[in-house]
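Novice: Fold the following, please.
(2 chains)
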Amino acid sequence: MSTTTTTQSSAAERSFIDRLRASKFLTELFANRLAVFGLSLIVGMVLIAIFARLTYDLDALTRTQLSTNPTLESPTAEFWFGTDKLGRDIFPRVLYGAWFALKYGTVAVLASTVLGIAAGTVAAYYSDITDNVIMRTMDILLSFPALLLALALITIFPESWGLWRAVAALTLVYTPRFARVVRGAALKVLEDEYIDATEALGANDARVLVRHVIPNCLAPITVQSTLNFGLAIIDIAALSFLGFGASPGDPSWGMMLNEGVKDGLYLDPSAWWWSFFPGLFLALTVLGFNLLGDGMRDALDPRMRETV
Amino acid sequence: MISKRFVAKRLLLLVPVLFGVATLVFAILQLSPGDPAVTIAGERADRADIIEIRHRLGLNEPLWEQYVQFLWDTVNLDFGESFKIQPGTPVTDILADRLPITIELAFLGLFSGLLFGLPIGILSAVKQDTWTDHLSRIGALGGISVPIYWSGPLLIMFFSIYLGIFPISGRIGDFDIQARTGMILIDTLLVGRFDAFLSAVKHLFLPVVVLGIYSMAFISRMMRSSMLEVIRQDYMRTARAKGQGSKITILKHGLRNAFIPVITIIGIQFGSMLGGSVLTETVFSINGIGTLLVEAINKSDYPVVQATVLVFAAMYTIVNLVVDITYSMLDPRINQ
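Specialist: Numbering: from 1, shown residues only, chains lettered A, B, ... in the order given. Okay, the predicted model is just below:
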């Protein structure tokens, strides 16, 4: 009976310390003007994405508008971002692109985070052979430049998957990074005495990992996810740009850049608006995640805190 | 001094990694849908033809025999013949033509990134929290956030189409230069054609800028944080206390130590230069192995896909090995 009370009180103590640390983390984060700017960029893009998803009809955005709109019109009061070769209004397409980027980016990041957590904690907890098998596999995946591995992996998945093909390939590419971060953090947590205590109380492996190890590794995981978000959005668009992802006509930023560069760049004068606006929104979104991720890392790293 | 044992150990570790890489590439192609024999013969080919091709490629052998054969061929740098891109040509020949182009581009990108990234990072650290620092930090984050397939087209539109300063695409103008190394800047100099060299410089300028921006941004960030850490070390304070001017202190004591962690990311940077070369080559229509890979995937030219991916991974692994060894030479603490 007495053991239970001790663990309970130490757990309560711990969660209190965690809360204290978390609040300090948030104060630190919000004091960083660049991080706040990054966060507002992301919030802005999320709002744009939701607005576009609710307002526009995807079919209408994809269809050619040759009969109603002028083609290759430079930005005007009616067509803010101009029109493309098929007469499609670029402005709503760029807004809808935010929905595409955030939706597919979120799935790629979440999937690789979950896979990375599973691989990393299992490797750290079981050590020896399991650890070696998992981490050496991860090392092999890490011996390829990321975009090239994604290109190679994309051939496995059927073309009919469209953008999900890019998401699936990139999930496998990102998983090793998460696995490494999680394994490192989990090894530290596993040294703590409360893990021994939980085990002594008869908790099974799954309970130890899910209830105690993973929650205590969340900080580094969150930073890695945020930084990886920008990368995922840039890489998904890159694969679409190269022709392995979004289908022609899709209002995804990567596909718009593909069409804008292929068909618009070498026109004289070039139809700059065709690729300029999708790329601008893409770059701003990625910048937002990079600023926020950077700020989070600084706020978590005590060495950084001392200097500021 | 660097111990021979350390180098030998690192070289030995290369073997299982490359073995794993080859296995993964073999697995990826086994998992890819579609029959290579049908790809070669075409959709409407005779059944007999397809059976004949399957036999010739050894596709009827058990999987493990194909695997062993694949490993053996890879060790001998025999990647078979191209199916579609240049049917019948040994893949090794195609790679020999196009690999130097990508290597030249990736190295120039990395080099220009170092050339500008290091001083910017140092300056940013020394002038921490001033406008110089803020500007260079925002610039660096911007550089990482801007995709190559956006900055490239924008630069082409402005400098090549609007201003007409640089050529739009390709590697060189109308010159007949015999390829010796395959790297255009070196080849033109070897034959002493300065006009051709100048043309190549003009052609490569924008692609290198696009690649360089990315690595510059990354390297300057790393250099800044590493330098900041070093500046706060005790030995720096001691040096200042001994009366050395702060500039000399930074140069003599700081740089060498701050540079060490930066070296480790040069290998990773080289990897992103290789990945970036796929995009850069596509944007600027340069015939390196980046565009080769994209074309090969599009045409299901499996031997070419296989070889290109292997070569990319091998280059990346070997550069990282060289970086590791250099690192241990500069920091004896690593070398155990």
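
Novice: any bit of the helix or strand where B:Val209 lies sitting next to chain A?
Specialist: Using DSSP states H and E, B:Val209 sits within helix B:194-231. Yes - judged by C-beta under 8 Å from any C-beta of the partner chain, helix B:194-231 comes into contact with chain A at B:228-229. All C-beta atoms are positioned from the backbone trio N, CA, C, and that covers glycine.

Novice: helices or strands next to that helix in the packing?
Specialist: The helices and strands touching helix B:194-231, judged by 3 or more C-beta pairs under 8 Å, 6 or more residues apart in numbering or on different chains; DSSP states H and E, are helix B:91-126, helix B:131-145, helix B:148-155, helix B:184-190, helix B:255-284.

Novice: Quick check: the gap between A:Met138 and chain B.
Specialist: According to C-beta to the nearest C-beta, to the nearest Å, A:Met138 and chain B sit 11 Å apart.

Novice: before we move on, which element is that residue in?
Specialist: helix A:128-142.

Novice: mind checking which of the helices and strands packed on helix B:194-231 is nearest A:Val189?
Specialist: A:Val189 sits nearest to helix B:255-284 of all those, at 25.8 Å, using C-beta to C-beta.

Novice: how big is the angle separating that closest one from helix B:194-231?
Specialist: Angle between the axes of helix B:255-284 and helix B:194-231 is 140 degrees (criterion: axes from the mean of the first three to the mean of the last three C-alpha atoms, to 10 degrees).

Novice: Report the angle between the following helix or strand past helix B:255-284 and helix B:91-126.
Specialist: The element immediately downstream of helix B:255-284 (helix or strand, assigned by DSSP H and E) is helix B:289-298. Relative orientation of helix B:289-298 and helix B:91-126, computed by the same axes, to 10 degrees: 130 degrees.

Novice: Can helix B:289-298 be said to contact chain A?
Specialist: Yes - for helix B:289-298, a contact with chain A is found by C-beta under 8 Å from any C-beta, at B:293-294, B:297-298.

Novice: now swap in stretch B:122-139 and tell me
Specialist: Yes - Stretch B:122-139 lies within reach of chain A by C-beta under 8 Å from any C-beta, at B:128, B:137-138.

Novice: Now list the buried members of the residues of helix B:289-298 next to chain A.
Specialist: The neighbour-count test (16 or more other C-beta atoms under 10 Å in any protein chain shown) marks B:293-294, B:297 as buried among these.

Novice: so which of the residues you listed comes closest to A:Ala98?
Specialist: Using C-beta to C-beta, those come closest to A:Ala98 at B:Val294, 26.7 Å.

Novice: wait, what's in contact with B:Thr308?
Specialist: By C-beta atoms under 8 Å, 6 or more residues apart in numbering or on different chains, the contact list for B:Thr308 reads B:95, B:289, B:292-293, B:296.

Novice: what do you get if the cut-off is 10 Å, keeping everything else the same?
Specialist: By C-beta atoms under 10 Å, 6 or more residues apart in numbering or on different chains, the contact set of B:Thr308 is A:148, A:151-152, B:25, B:79, B:91, B:94-95, B:98-99, B:102, B:278, B:289-290, B:292-297, B:301.

Novice: gap between the closest residue in space to it that isn't next to it in sequence and B:Ser272?
Specialist: Nearest residue to B:Thr308 in three dimensions, chain neighbours excluded: B:Leu293, at 4.4 Å (C-beta to C-beta, 6 or more residues apart in numbering or on different chains). The gap separating B:Leu293 from B:Ser272 is 16 Å, by C-beta to C-beta, to the nearest Å.

Novice: which phi and psi does B:Ile50 have?
Specialist: For B:Ile50, the backbone dihedrals (degrees, to the nearest 10) come out as phi -60, psi -40.

Novice: And the one 10 residues further on, by the same measure?
Specialist: According to degrees, to the nearest 10, the main-chain angles of B:Asn60 amount to phi -90, psi -10.

Novice: how many other residues sit next to it?
Specialist: Using other C-beta atoms under 10 Å in any protein chain shown, B:Asn60 has 12 neighbouring residues.

Novice: Quick check: it vs B:Ile51, distance?
Specialist: 9 Å.

Novice: what residues do the two have in common as contacts?
Specialist: Common contact partners of B:Asn60 and B:Ile51 (C-beta under 10 Å, 6+ apart): B:Ala37.

Novice: Run a quick neighbour tally on the residue of the stretch 101-250 of chain B found nearest chain A.
Specialist: Nearest residue of the stretch 101-250 of chain B to chain A (C-beta to the nearest C-beta) works out as B:Trp150 at 3.2 Å. A count of neighbours around B:Trp150, defined by other C-beta under 10 Å, yields 26.

Novice: Spell out which residues sit in contact with the residue in the stretch 201-308 of chain A that chain B sits nearest to, please.
Specialist: Closest contact between the stretch 201-308 of chain A and chain B, by C-beta to the nearest C-beta, is at A:Gly279 (3.2 Å). A:Gly279 makes contacts with A:94, A:237, A:241, A:253-254, A:256-257, A:260-261, B:146-147, B:149-154, as judged by C-beta under 10 Å, 6+ apart.

Novice: what's the answer for B:Leu198, then?
Specialist: Applying C-beta under 10 Å, 6+ apart, we find B:Leu198 in contact with B:172-173, B:188.

Novice: likewise A:Gly116?
Specialist: The contact partners of A:Gly116, by C-beta under 10 Å, 6+ apart, come to A:138, A:171, A:174-183, A:221, A:224-225, A:228.

Novice: Show me which residues of the stretch 1-150 of chain A are close to chain B?
Specialist: For the stretch 1-150 of chain A, the residues in contact with chain B (C-beta under 10 Å from any C-beta of the partner chain) are A:33-34, A:37-38, A:136-137, A:139-150.

Novice: And the helices in the stretch 151-300 of chain A?
Specialist: Listed in chain order, the helices of the stretch 151-300 of chain A (DSSP state H, counting those that start in this stretch) span A:163-190, A:193-200, A:205-207, A:214-216, A:218-241, A:253-259, A:272-300.

Novice: would you turn those helices into a markdown table with mean pLDDT and distance to B:Ile268?
Specialist: Shown next, in a markdown table, are those (pLDDT from 0 to 100; distance: least, C-beta to C-beta, whole Å):
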| stretch | mean pLDDT | distance to B:Ile268 |
| --- | --- | --- |
| helix A:163-190 | 93 | 11 |
| helix A:193-200 | 86 | 33 |
| helix A:205-207 | 87 | 34 |
| helix A:214-216 | 86 | 27 |
| helix A:218-241 | 91 | 13 |
| helix A:253-259 | 94 | 24 |
| helix A:272-300 | 91 | 16 |
